[in-house]
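Asker: Quick one, what's the 3D model for this:
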Amino acid sequence: MANWRKIFAIISIVFVIISLLFLRVWIMSNAVQIACEINSLDQKKEALEEENKKMMIELATLKSPERINKVAIDDLNMVRSSDSKIIFLER
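Answerer: Numbering: from 1, shown residues only. From the prediction side, this is the model:
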């Protein structure tokens with residue numbers, strides 16, 4: 001009977017050690033996967049920040065008074081009004 005207890009104890013200890021090793025491998029695998037995801041998200045973030053900078057520059061260009069004036073005159077055939085043609089209404 002004592003031999004069976006020793007054998008059972010040894011098998012139990014080996015099983016626990018193997019289980020712990022598998023657990024460690026699984027944790028390390030997940031850690032590597034999460035690190036890859038973080039790296040991918042960092043790259044996407046940098047790309048989006050760069051795109052945002054370009055869009056802000058484009059917005060500033062589109063809102064510039066010089067450009068608006070040029071579009072009004074060249075594309076829309078508008079003319080600048082003289083002061084004598086401006087009528088102010090009082091409320």
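Asker: Tell me the first helix or strand C-terminal of the helix or strand Asn39 falls within.
Answerer: Taking DSSP states H and E as the criterion, Asn39 maps to helix 2-63. Note on helix 2-63: by DSSP H and E, the next helix or strand toward the C-terminus is helix 65-70.
Asker: Distance from the chain centre to that following helix, please.
Answerer: 34 Å (Cα atoms, centre = their mean, to the nearest Å).
Asker: Equivalent analysis for stretch 15-24, please.
Answerer: Using Cα atoms, centre = their mean, the offset of stretch 15-24 from its chain centre is 37 Å.
Asker: With stretch 53-65 instead?
Answerer: Offset of stretch 53-65 from its chain centre (Cα atoms, centre = their mean): 22 Å.
Asker: Repeat that for stretch 24-41.
Answerer: For stretch 24-41 - counting by Cα atoms, centre = their mean - the centre lies 18 Å from the chain centre.
Asker: Local confidence estimate at the residue positioned nearest the centre of the chain?
Answerer: Centroid-nearest residue in the chain: Lys45, 3.4 Å away (criterion: Cα atoms, centre = their mean). Lys45 is assigned a predicted lDDT (pLDDT) of 98.
Asker: likewise Asp83?
Answerer: For Asp83, the predicted pLDDT is 65.
Asker: shaky segments in the chain?
Answerer: Low-confidence segments of the chain (pLDDT under 70): 83-84.
Asker: what's around Ala72, how many residues?
Answerer: 13 (other Cβ atoms under 10 Å). (C-beta placed from N, C-alpha, C; glycine too.)
Asker: I figured it hits Met78, correct?
Answerer: Yes: Ala72 lies in contact with Met78 (Cβ atoms under 8 Å); the separation is 4.3 Å.
Asker: what's the distance between the helix holding Asn39 and the middle of its chain?
Answerer: Using Cα atoms, centre = their mean, the offset of helix 2-63 from its chain centre is 18 Å.
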